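what follows is a protein structure lacking sequence information:
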């Protein structure tokens, strides 16, 4: 079992806490001059995304987590799993609904995603910062209608609903910021 | 890789002026500058400080304390030293494994006399034209008062169980018999960050009368209520621990006991010097880089160093 000392904790270091793989967000060194040194660690549970804090005695060792981030191409979903492929080895990985929970509405076939693997299995997926998706449904926007602030909802090909300007029509291809879920612009083709 | 310095040229000029200011102060106040070796034969005598070891079995000193006390025992009179010191695995916003310590000793001074001199030094340095520090008034608070005020526990009498009840769930995994470790934890969470401020006004807060169990190399004495405490103090400004001082322990037998077997064996010259006789004196060590942080308003120690530990 590989272990890692608090002295080697950096932002992004992957460790096991309470049986769960976690990523260190921040490690603050605290030491009263002549006293015991501590590492006050802020960490993110990789499966749930929850951020917690824990303090270690400095120099303490914890189990390292077998976590890797890889670039994989999204292929398709079969109702139960979302399938990804390594484009150099053609090896495929299947992610369950927990791993794609927050992002499945941004997954578009052939987009390259960052997939977090824990013991070789996907536990999280980060889509590209920007994706281009076609509008499958939206009300016709009436020019001059400002009662809704010039904004209306639009449903995209993946099922995601985003707020768009009134001039957007069905079939338009939009650039969406997946980090905020906001419309960015019409895609230039 | 980044070959460039952490500190910009202005910061480097301020550092140079700070060092010149310190030397001016001690020249005017009649202390002799000394320069003791950094490569020494004994490891650090403090339980929670580790001296890096180099090939040949010598250590890089974590403070010049023992060598300076040998000078005092040999009759040097009042002395000061500006030296780089080394502490393994101390890295953070206010810690760098190699940093500069200003350490000085005054013969015949009380801790109150020494505290007054520290504050005079800080006032004179806060008077440098570029200083952003208005050093504020001086206050004294005992370790006991500070803990009672900020976490409602009497550190001289409370049990480890009392401390654990006061800790949030994120408490570290310390042994139940490590009472001082638990006090360190509670203090660094709830007490020390408040010292050196009051209602957003900056203060020079002297934390005095440490628990006897945290005496390090200080004499033991009694507080007003008759509790056994250490004649040890720390200076805080704006939540930053800046200096640590003692009425120096001169009793050789007590010193040998406190060092324990390993440190006593590694430092026979120091014990022999105490045997010969250490004059009645008080001493203090002050973090020069942290002082420069406070004077320049820097957010991290790396900002005031030519090259931080990470960039060497």
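On my side now, so go ahead. Computed from a prediction, not measured in an experiment: that's the story for all the values here. Numbering: from 1, shown residues only, chains lettered A, B, ... in the order given.

chain B: helices as residue ranges?
In chain B, helices defined by DSSP state H lie at B:9-28, B:65-73, B:111-126, B:143-151, B:160-166, B:179-186, B:252-266, B:268-276, B:288-296, listed in chain order.

run the angle between the longest one and helix B:288-296 for me.
This means helix B:9-28. 110 degrees (axes from the mean of the first three to the mean of the last three Cα atoms, to 10 degrees).

what residue in chain A comes nearest to chain B?
Among all residues of chain A, residue A:29 sits closest to chain B, at 2.8 Å; criterion: Cβ to the nearest Cβ. Any C-beta I mention is one placed from the backbone N, CA and C, and that applies to glycine too.

that residue - how many residues pack around it?
The number of residues packed near residue A:29 is 19, by other Cβ atoms under 10 Å in any protein chain shown.

you'd agree it is up against residue A:36?
No: using Cβ atoms under 8 Å, residue A:29 is not in contact with residue A:36; the gap is 12.0 Å.

can you check which residues contact both of these two?
Counting by Cβ atoms under 8 Å, 6 or more residues apart in numbering or on different chains, the contacts common to residue A:29 and residue A:36 are residue A:58.

where in the chain is pLDDT low?
If you meant another chain, say so; for now it's chain A. Residue ranges of chain A with pLDDT under 70: A:141-148, A:189.

wait, chain B was what I had in mind.
Looking at chain B by pLDDT under 70, you get B:168-169.

and it, which of its residues are near chain A?
By the rule Cβ under 8 Å from any Cβ of the partner chain, the part of chain B lying against chain A is B:46, B:48-49, B:89-93, B:95, B:170-174, B:178, B:180-181, B:183-185, B:187-188, B:192, B:214, B:216, B:234, B:241, B:244.

just the buried ones from these, in ChimeraX syntax?
A single ChimeraX command selects the buried members of the residues of chain B next to chain A (16 or more other Cβ atoms under 10 Å in any protein chain shown):
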select /B:46,48,49,89,90,91,92,95,171,172,174,180,181,183,184,185,187,188,192,214,216,234,241,244
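
report the contact partners of whichever residue of chain B sits closest to chain A.
Nearest residue of chain B to chain A (Cβ to the nearest Cβ) works out as residue B:92 at 2.8 Å. Residue B:92 makes contacts with A:28-31, as judged by Cβ under 8 Å, 6+ apart.

name the helix or strand for the residue sitting furthest away from the middle of chain A, please.
If you look at how far each residue of chain A sits from its centre, by Cα atoms, centre = their mean, the farthest one is residue A:34, at 42.3 Å. In this structure, residue A:34 is located outside every helix and strand according to DSSP states H and E.

next step: the contacts of residue B:92 restricted to strands.
Of the contacts of residue B:92, the ones assigned to strands by DSSP state E are A:28-30.

find the nearest non-adjacent residue to residue B:114, please.
Leaving aside its chain neighbours, residue B:114 sits nearest to residue B:282 (4.3 Å; criterion: Cβ to Cβ, 6 or more residues apart in numbering or on different chains).
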